[in-house]
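Trainee: coords please:
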Amino acid sequence: MKIVIETNRLILRELEYTDEMDLFEMDSDPDVHLYIENNPVNSINEITKVIEMLKEQYKENGIARWAVVNKSTNECIGWAGLKYFKQPLNNHNNFYELGYRFKKKHWGKGYATESSNAILEYGFRNLNIESIFAITDPRNVNSKKVLAKLGFEYKVTFDYEGDKTDWFELKKTSWKNKK
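Mentor: Below you'll find the predicted structure:
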C-alpha cells in the first residue's frame, strides 16, 4: 500500500480492490448520490469497474481519486483527489478537477476540507498546476461551503449533461496568498 499524503487524521493513498466494501457502502447510499446523477450503485462489480478505471488514470496521468483512510480506525471513509480531464468540459480542455465523496456517517467532520487542503498542496507544489477547478450541483450547499473554505472562486453555472452545474476555480497565485 503506497501512502501518497498524510494529514493529522487521514491517509490518502491509491484506491485498492480491498476498498471495495467501503466504497460500496458509500456509493450504494442514495443520500450520497443525491447531487451526483442520483444513481447509486447496485453491485460490487460496479465498484470493481470504478477501481479499474482509477488504476488506469493513475498509470496514464500519475494521479486520480485517492482513498481517504481514517488513521485511528484504518477505515476507508471515502475518496478525494484530482481528476485530469482530457475531454472538453465547460469550454476547458486538459485541466485538473478536485473532487471528494464520503460515507454519510462521516459527513460534517471536516474530512472533505482536510483531505482537499492536502490534495491542493500536492497539486500546486508537486504537479505545478496553475489552476484547479471544481464542479458541484448548485443545490449542494455543503460542498459549496467546503469549496469556499478552500479558497475556490465561483465562476459560472453551466449545463452539464442536462443538469445545472456550478463551476469553481482556484488559481495557484490565490492559493499561495491564502497560505
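Trainee: Name the SS class of residue 82, please.
Mentor: Assigned with DSSP: H, G, I helix; E, B strand; the rest coil, residue 82 falls in the strand class.
Trainee: And the pLDDT at it?
Mentor: Here the pLDDT value assigned to residue 82 is 97.
Trainee: Equivalent analysis for residue 1, please.
Mentor: Per the predicted model, pLDDT is 49 at residue 1.
Trainee: The one 3 residues further on now?
Mentor: At residue 4 the predicted local confidence, pLDDT, stands at 86.
Trainee: How about the contacts made by it?
Mentor: Residues in contact with residue 4 (C-beta atoms under 8 Å, 6 or more residues apart in numbering) are 12, 13, 14, 66, 122. (Glycine included, C-beta is placed from N, CA and C.)
Trainee: Equivalent analysis for residue 169, please.
Mentor: By C-beta under 8 Å, 6+ apart, residue 169 lies in contact with 131, 132, 133, 134, 152, 153, 155.
Trainee: again, only this time at 10 Å
Mentor: Residues near residue 169 by C-beta atoms under 10 Å, 6 or more residues apart in numbering: 92, 95, 131, 132, 133, 134, 147, 152, 153, 154, 155, 156.
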